[in-house]
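> Using only what follows, build the 3D model:
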Amino acid sequence: MRRRLKAQVTTENSVNICNSYDIIGDIAVIKTLNGDVETAKKVADEIMKLYSKKIKAVFMQISAVQGDFRVRQLSFLAGENRTVTLYKEHGCLFRVDIERCYLSPRLLFEHKRIPALVMPDEVVVNMFSGVGCFSVLIAKTSGSKVYSIDVNPTAYEYMKENVRLNGVSNCVIPLLGDSKEIINSQLQGIADRVLMPLPELAFEYLPYALLALKSTGGWIHFFDFQHAAKGENPIEKTRQKVAEHLDALGICYSFGFSRVIRSVGPYWYQTVLDIYVSVRQASFYSNRL
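From the prediction side, this is the model:
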């Protein structure tokens, strides 16, 4: 799509458009350098012409994903002025308001990889569920029980709708609130596997992921934003930071799969690291959280 689009806009305009953009359902979200609205409108018009059967609305992202609710500000450019859409992924449907909730199509690979690892008898805690993509896909793939937590009330309502929409109400338990508080009060020592798909809070919330694991241990899927200068390996830097953190807590662990998911800026990367915790010392954490 990008190649066809660039062929339709002038070189002067194309250099002002970021190389990547999101397509969520039938809505496209583009970015421009320096907030170039006029160029964005021209590109939006071309998108609507080229992909009128697929794309029904185009917005420009005017802020980073930010805040406790992980939302971004959008500016309407072309098509239908609405931010609610139906997103399809791996055979599941997700209704989402892209301006009031977080959903990233950049996690497409992880949305398939992690559910494929879950065994039918596992209990999973998803600490940052958004509208429920990981939770629904895990339930659909394995039939496992998933405690699906999010602090954003709007995302929580869409999560509940998506659980019903995909027929996994018997597996996914939506929970509204801060995962720190919910794990501490309700979910200590129940999980075989914990998902942490919110890099901004990864290290702050890691002790609570450990607290959610069963006393026999389990897996944590840890997402991070990592700075790596030229010649540095972002995965190794993530491992080093996590190792220092877990060593300080006296945790027995080993590292499994890891990868760079994407570049998020000059020398900044989103990474994922699978951590196997062999022993969770319940008394240690109960005394310290």
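> Can you name the secondary structure element that comes next after the helix or strand harbouring Lys49?
Here Lys49 is covered by helix 37-50, with elements defined by DSSP states H and E. Where DSSP H and E defines the elements, the next helix or strand beyond helix 37-50 is strand 57-61.
> after that next one, next one along is what?
Following strand 57-61 toward the C-terminus (DSSP H and E): strand 74-79.
> helices or strands up against the helix or strand just after that next one?
Downstream of strand 74-79, the next assigned helix or strand under DSSP H and E is strand 84-89. Under the contact definition 3 or more C-beta pairs under 8 Å, 6 or more residues apart in numbering; DSSP states H and E, strand 84-89 sits against strand 92-97. (Glycine included, C-beta is placed from N, CA and C.)
> and the helix or strand just after the strand it packs on, how far out from the chain's middle?
Where DSSP H and E defines the elements, the next helix or strand beyond strand 92-97 is helix 108-117. With C-alpha atoms, centre = their mean, to the nearest Å as the basis, helix 108-117 stands 12 Å off its chain's centre.
> hang on, Ile251 packs against Ile275?
No. In terms of C-beta atoms under 8 Å, Ile251 does not count as a neighbour of Ile275; the distance is 9.1 Å.
> before we move on, the earlier item: now the helix holding Lys49: mean pLDDT?
The pLDDT scores in helix 37-50 average 88.
> cool, stretch 115-134 as well?
98.
> any idea how far Leu86 is from the residue nearest to Gly79 when sequence neighbours are not counted?
In this structure, Gly79 finds its nearest non-sequential neighbour in Ala57, 3.9 Å apart by C-beta to C-beta, 6 or more residues apart in numbering. The gap separating Ala57 from Leu86 is 13 Å, by C-beta to C-beta, to the nearest Å.
> For the closest residue to Trp268 other than its chain neighbours, the count of nearby residues, please.
Leaving aside its chain neighbours, Trp268 sits nearest to His227 (5.5 Å; criterion: C-beta to C-beta, 6+ apart). Number of residues near His227 (other C-beta atoms under 10 Å) recorded here: 12.
> Report the separation between His227 and Thr271.
Using C-beta to C-beta, His227 is found at 11 Å from Thr271.
> cool, His111 as well?
Where Thr271 is concerned, His111 sits at a distance of 16 Å (C-beta to C-beta).
> more crowded one of the two?
Thr271 (24 against 20).
> Name whatever forms a beta bridge with the more buried one.
Asp224, Val260 (DSSP bridges).
> rewinding a little: which one's more surrounded, Ala57 and Leu86?
The residue with more neighbours, out of Ala57 and Leu86, is Ala57; 24 against 13, by other C-beta under 10 Å.
> ok so, going back, test my guess that the residue nearest to Trp268 contacts Gly265.
No. Counting by C-beta under 8 Å, His227 stays clear of Gly265, with 9.1 Å between them.
> what about Asn81, how many neighbours?
For Asn81, the neighbour count with other C-beta under 10 Å is 9.
> per-residue confidence for Ile182?
98.
> And the contacts of the helix or strand harbouring it?
Following DSSP H and E, the helix or strand that holds Ile182 is helix 179-186. Here helix 179-186 makes contact (C-beta atoms under 8 Å, 6 or more residues apart in numbering) with Val125, Met127, Phe128, Ile149, Val151, Leu175, Tyr205, Tyr208, Ala209, Leu211, Ala212, Leu289.
> With stretch 71-81 instead?
The contact list for stretch 71-81 (C-beta under 8 Å, 6+ apart) reads 29-30, 37, 40-41, 44-45, 47-48, 55-66, 83, 98-102, 152.
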